[in-house]
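K.L.:
here is the input, now give the coordinates:
(one chain, ligands or ions: 2)
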Amino acid sequence: MHCYDCAQAGRHDANGIGACTRCGLFTCADHSRVLQTTVQRPIGVIPMTSVLPSRRLVCGACRTAEAS
Ligand SMILES: [Zn+2]
Ligand SMILES: [Zn+2]
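P.N.:
Numbering: from 1, shown residues only. Ligands and ions are numbered 1, 2, ... in the order given. Sure, this is the predicted structure:
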C-alpha cells in the first residue's frame, strides 16, 4: 500500500506504514503520527485502564483536525 498523501502530491513510491485509525487511509512515516494511547479493558463490570501504553496511528490531516 502506498501513502495517500504522497500520491496526492504526485509521489507514488512511498510505502505506507499503516492505516490511520480515524479515516482509514494509508500514510507513510512522514505523513503519519503515532500517538500513545491507553487501552480500556473491562475487569468484570469495572473498566480498567492498561498500565502499559498502547499506540494509535493518525494521518496528518486527522491529527490537524483533532488539534484544531
Ligand atoms: Zn507520505
Ligand atoms: Zn486520517
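K.L.:
and the protein, which residues reach ligand 2?
P.N.:
Residues of the chain found near ligand 2 (CB under 5 Å from the ion) are 20, 22-23, 59, 62. Using the backbone N, CA and C atoms, a C-beta is placed for each residue, glycine as well.
K.L.:
in three-state terms, label residue 6 for me.
P.N.:
Under DSSP: H, G, I helix; E, B strand; the rest coil, residue 6 falls in the helix class.
K.L.:
in stretch 49-60, what's buried?
P.N.:
Within stretch 49-60, the residues scored as buried using 16 or more other CB atoms under 10 Å are 57-59.
K.L.:
where are the low-confidence patches of this structure?
P.N.:
Nowhere does the chain drop to pLDDT under 70.
K.L.:
using CSV, list the CA coordinates for the lengthiest helix in it.
P.N.:
Across the chain, the longest stretch assigned as helix under DSSP state H is helix 60-67. Extracted in CSV, the C-alpha atoms of helix 60-67 (Å, rounded to 0.1, in the frame of the first residue of the first chain):
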residue,chain,number,x,y,z
GLY,A,60,-1.5,14.4,9.3
ALA,A,61,-4.9,15.6,8.2
CYS,A,62,-6.7,13.8,11.1
ARG,A,63,-4.1,15.0,13.6
THR,A,64,-4.6,18.6,12.5
ALA,A,65,-8.3,18.2,12.7
GLU,A,66,-8.1,16.7,16.2
ALA,A,67,-5.8,19.5,17.4
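K.L.:
quick check: beta-bridge partners of the spatially most central residue of the chain?
P.N.:
Nearest to the mean C-alpha position of the chain, by CA atoms, centre = their mean, lies residue 57 at 1.5 Å. With DSSP bridges applied, residue 57 shows beta-bridge pairing to residue 34.
K.L.:
what of residue 40?
P.N.:
Per DSSP bridges, the residues bridged to residue 40 are residue 49.
K.L.:
from here on, call the first residue 381.
P.N.:
Got it, first residue is 381 now, which makes that one residue 420.
K.L.:
what's the burial count for it?
P.N.:
9 (other CB atoms under 10 Å).
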